[in-house]
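Chemist: the sequence and its predicted three-dimensional model are supplied below.
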2 protein chains.
Amino acid sequence: MSEQIHVSFDELRDALRRVFAAHGCSDHVAGLIAENMAIAERDGAASHGIFRVDGYISTLKSGWVDGKAEPVIDDVAPGFIRADARNGFTLAATDAARHQLIAKARENGVAILAIHNSQHFGALWPDIEPFAREGFVAMSMVNSMACVVPYGGCKPVYGTNPLAFAAPRAGGDPVVFDQASSAMANGDVQIAAREGEALPPGAGVDAGGNPTTDPKAVLDGGALLPFGGHKGSSIAMMVEIMGAALTGGKFSFEVDWSEHPGAVIPHTGQFILLIDPGQGAARPFAARVEELIGRLRDAGVERLPGERRYAARRRAAQHGIPLDAEDWARLRERAGI
Amino acid sequence: MSEQIHVSFDELRDALRRVFAAHGCSDHVAGLIAENMAIAERDGAASHGIFRVDGYISTLKSGWVDGKAEPVIDDVAPGFIRADARNGFTLAATDAARHQLIAKARENGVAILAIHNSQHFGALWPDIEPFAREGFVAMSMVNSMACVVPYGGCKPVYGTNPLAFAAPRAGGDPVVFDQASSAMANGDVQIAAREGEALPPGAGVDAGGNPTTDPKAVLDGGALLPFGGHKGSSIAMMVEIMGAALTGGKFSFEVDWSEHPGAVIPHTGQFILLIDPGQGAARPFAARVEELIGRLRDAGVERLPGERRYAARRRAAQHGIPLDAEDWARLRERAGI
């Protein structure tokens, strides 16, 4: 690793926006991907940061995804929006449906957004944290491509299938978690392979279905395992059903890149649920969440879900976002700046 | 264990109804508890079957719960129902709100029921499986009493906090899971203690916070651990937030039985989410779930979530529900039959 430098959020986002705009995205979509990726990098989630630029570019080049697609938003019921991303990114669909989704959740107390014909390659928490900042409880599920062996099975069926949840709290930043249903996120396996590090036991199997701690064996025909045995496998199933069957998207095992060499972004679906906790509430919701947080602190919990990201965000606000100097130089070159 | 006998579902439910009616429940509430418990026993879930009769009776006798309470249903928004169980069982609130909840989900595409001032001591899947049989995706969360140490903490904060999920499938019974966020369900720890069996490693800690496989050490001042490390702990947090903060119920750590010796049923909340997957759907949802099931079979999965219960249910339909003869005699005596 070369020297470490620091860049501002705006600098990083702007460079990324230029990179994506130069590789087939509309300015609007380029801005949305850049924002998501810069947030991940800023918040210390390297596996969803600029590490993924190559994957976006090779996928855009392959013709697998339409970086200029304009989503079609379909108001199917008072609390239900469907979106056809028209083979673009879910980020564009969520952006287009956002105000309507919020209005529906306020009006009905609950609303859902089901996106299909879409691609998601970013972190999930940037999709839902803003809803919690506006007072909503938010949940999202995204399936991906078959790389996780179901409990009791011997072949991959599920994607890493992240589940993200966000709730406002009275005394601080929202409580947010964003976790793969696999024992590890795919991006973290890729990083371990790049860095030559072993995986923790129980994370994956090789092409023969045997347990392995070698990240390359997992990536090379092997597969991940769900977290927490059969219970984590049930969570993965729920995400698969909500991310694909409910949205009208593809299952993780239906993703087929064979006609598009270079494509690495799953073409699946995304489910988002918003609840307005203030509807008829006897006691303020965010204050009650704060009481729970207080009790968790008393029980010795030092780091709540999301707090490592918030700490990285504060450091970045003060010192800038730490980047490998070579990575930054390469990114600037690609951005033409 | 004495001789095993077999009883019909109706016989068991009727005996249980009489027991609960004789111990402070209205006929209506006694019937609801009896139904839930007979279903659990029939479906092979001993930890939620007649094993729990004593807990219901001692709790009813203690004055902690009102077995005759009539819930108040509050229509707070087009997609949001709140229910005050008036210190009765959530079963009565769910029963009272059921038709309205279904109508709201059909009208809005999604609806939620948030119950507070309530008690839940039964299995969760009988609450939601019927919704899936009517074509809905259903989810439920219930917090309980502090007996699970959060990841990174040293004192119990969460309850066993079950999360249940049900979805219809075209080719068979709904896919249903109902799983504690703890490594084990509390009822299973009690059964292990009674049977003198050790717990699996990682399930619990003793009163000093040390890992133990002794169920008595867990029950005697010790605590359970979440399943799946920090990810399972996040699920437990989500259930705690939805079951208590959103509903207006008590957190698991706020349950205080000290004034009611004999009480063992947590006074907390229940959250139920219904989604009508048919709203604007391009492809039939249940058929898509069936495709996923087919793929899971192909991958070698022999038992889907819920299938062990369905198998026990089929055996019971054919041969009756297997019970210990002494347990059945004791139950009949209590029922006065």
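Modeler: Nice, thanks for sending it over. Numbers count the residues shown, from 1 in each chain, chains lettered A, B, ... in the order given.
Chemist: from here on, just use CA atoms for contacts and neighbour counts.
Modeler: Will do.
Chemist: elements contacting the longest helix that chain A contains?
Modeler: As assigned by DSSP state H, the longest helix anywhere in chain A is helix A:90-108. Secondary-structure packing of helix A:90-108 (3 or more Cα pairs under 8 Å, 6 or more residues apart in numbering or on different chains; DSSP states H and E): helix A:27-42, strand A:72-77, strand A:80-89, strand A:110-119, strand A:267-275.
Chemist: for the fourth one, which strands pair with it and how are they oriented?
Modeler: In this case it means strand A:110-119. strand A:80-89 (parallel), strand A:267-275 (antiparallel) (DSSP bridges).
Chemist: now do the shortest one
Modeler: Here strand A:72-77 is paired, per DSSP bridges, with strand A:80-89 (antiparallel).
Chemist: next, the angle from the strand it pairs with to helix A:27-42.
Modeler: For strand A:80-89 against helix A:27-42, the angle by axes from the mean of the first three to the mean of the last three Cα atoms, to 10 degrees is 90 degrees.
Chemist: got the contact list for the residue lying closest to residue A:253 once chain neighbours are set aside?
Modeler: Excluding the flanking residues, the one nearest residue A:253 by Cα to Cα, 6 or more residues apart in numbering or on different chains is residue A:146, at 4.8 Å. For residue A:146, the contact set (Cα atoms under 8 Å, 6 or more residues apart in numbering or on different chains) comprises A:156-160, A:252-253, A:255.
Chemist: scan these and report the most crowded one.
Modeler: Each of those was scored for neighbours by other Cα atoms under 10 Å in any protein chain shown, and residue A:159 scores highest at 32 neighbours.
Chemist: could you measure from the residue lying closest to residue A:213 once chain neighbours are set aside over to chain B?
Modeler: Closest residue to residue A:213 apart from its sequence neighbours, by Cα to Cα, 6+ apart: residue A:199 at 4.5 Å. Computed as Cα to the nearest Cα, to the nearest Å, the residue A:199 to chain B distance reads 16 Å.
Chemist: same check on residue A:64?
Modeler: Applying Cα to the nearest Cα to residue A:64 and chain B gives a distance of 22 Å.
Chemist: now swap in residue A:186 and tell me
Modeler: 16 Å.
Chemist: residue ranges of the helices in chain A, please?
Modeler: Listed in chain order, the helices of chain A (DSSP H) span A:9-21, A:27-42, A:53-62, A:90-108, A:125-133, A:186-195, A:215-219, A:229-240, A:285-298, A:307-319, A:325-335.
Chemist: just to revisit the earlier point, mind listing what's buried along the longest helix of chain A?
Modeler: A:90-94, A:96-97, A:100-102, A:104-108 (16 or more other Cα atoms under 10 Å in any protein chain shown).
Chemist: and the average pLDDT for it is what?
Modeler: Helix A:90-108 shows a mean pLDDT of 98.
Chemist: show residues contacting that helix.
Modeler: Under Cα under 8 Å, 6+ apart, the answer for helix A:90-108 is A:29, A:32-33, A:70-73, A:78-79, A:81, A:83-85, A:110-113, A:115, A:118-120, A:127, A:269-270, A:274-276, B:77-80, B:108.
Chemist: per-residue pLDDT, residue A:1?
Modeler: Looking at residue A:1, its pLDDT stands at 56.
Chemist: and stretch A:18-37, C-alpha only, in PDB?
Modeler: Once non-C-alpha atoms are left out, stretch A:18-37 reads as follows in PDB (Å, rounded to 0.1, in the frame of the first residue of the first chain):
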ATOM      1  CA  ARG A  18     -17.100  12.100 -13.500                       C
ATOM      2  CA  VAL A  19     -15.900   8.600 -13.700                       C
ATOM      3  CA  PHE A  20     -19.400   7.100 -13.900                       C
ATOM      4  CA  ALA A  21     -20.500   9.800 -16.300                       C
ATOM      5  CA  ALA A  22     -17.600   9.000 -18.500                       C
ATOM      6  CA  HIS A  23     -18.500   5.300 -18.600                       C
ATOM      7  CA  GLY A  24     -22.100   5.300 -19.800                       C
ATOM      8  CA  CYS A  25     -24.100   6.900 -16.900                       C
ATOM      9  CA  SER A  26     -26.400   9.900 -17.200                       C
ATOM     10  CA  ASP A  27     -25.200  12.800 -15.100                       C
ATOM     11  CA  HIS A  28     -28.100  12.100 -12.700                       C
ATOM     12  CA  VAL A  29     -27.300   8.400 -12.300                       C
ATOM     13  CA  ALA A  30     -23.600   9.100 -12.100                       C
ATOM     14  CA  GLY A  31     -24.300  11.500  -9.200                       C
ATOM     15  CA  LEU A  32     -26.400   8.900  -7.300                       C
ATOM     16  CA  ILE A  33     -23.800   6.200  -7.600                       C
ATOM     17  CA  ALA A  34     -21.000   8.600  -6.700                       C
ATOM     18  CA  GLU A  35     -23.000   9.700  -3.600                       C
ATOM     19  CA  ASN A  36     -23.600   6.200  -2.400                       C
ATOM     20  CA  MET A  37     -20.000   5.100  -3.000                       C
END
